[in-house]
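Student: sequence plus predicted model, see below.
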Amino acid sequence: MDLIIIESLRQMNDIDLINFIELIENSPKVNTEFYWDFDSEFRTRDIYGVEGWASLKIDKTSLELTIEKLKRTGALSFGQGGLGSVGNALGAFMFTDFTKSLYEVIKATGIK
């Protein structure tokens, strides 16, 4: 787990840090520190859709680049694909234990 966190932090720039914090803190499925939804798939087209996450105020393309970067490092995951699953499509992702750990490390640093 440590290597995934280290590589994710090494790959992230300031914009990625802001995007990641905004993504986690504005997700309707990660709204308390006691509950993380590791079973749901998310897509940027849903996040920015008509019934999307209204409080998310970051650029869609920028967020997609951050998501894809974190999928490469393993901090975010993606579905298997097939019926009812978009798999590894652009902007599609799932939260994991690595996501939670990365968020906790970033928040512990005091970055806002």
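Tutor: Here it is on my side, so go on. This structure is a prediction, so every number in the text was calculated from the model and none was measured.

Student: all helices of the chain, in order?
Tutor: 2-11, 14-25, 44-47, 60-73, 97-108 (DSSP state H).

Student: neighbours of the nearest residue to L56 once chain neighbours are set aside, how many?
Tutor: Once flanking residues are discounted, L56 sits nearest to N26: 4.7 Å by CB to CB, 6 or more residues apart in numbering. C-beta here means a position set from N, CA and C on the backbone, and glycine is covered the same way. By the criterion of other CB atoms under 10 Å, N26 has 16 neighbours.

Student: check T73 too.
Tutor: 19.

Student: now swap in E64 and tell me
Tutor: 20.

Student: I'd say it and A89 touch.
Tutor: No: using CB atoms under 8 Å, E64 makes no contact with A89, being 10.3 Å away.

Student: how much space separates the residue nearest to L56 from Q80?
Tutor: Taking CB to CB, to the nearest Å as the measure, N26 falls 26 Å from Q80.
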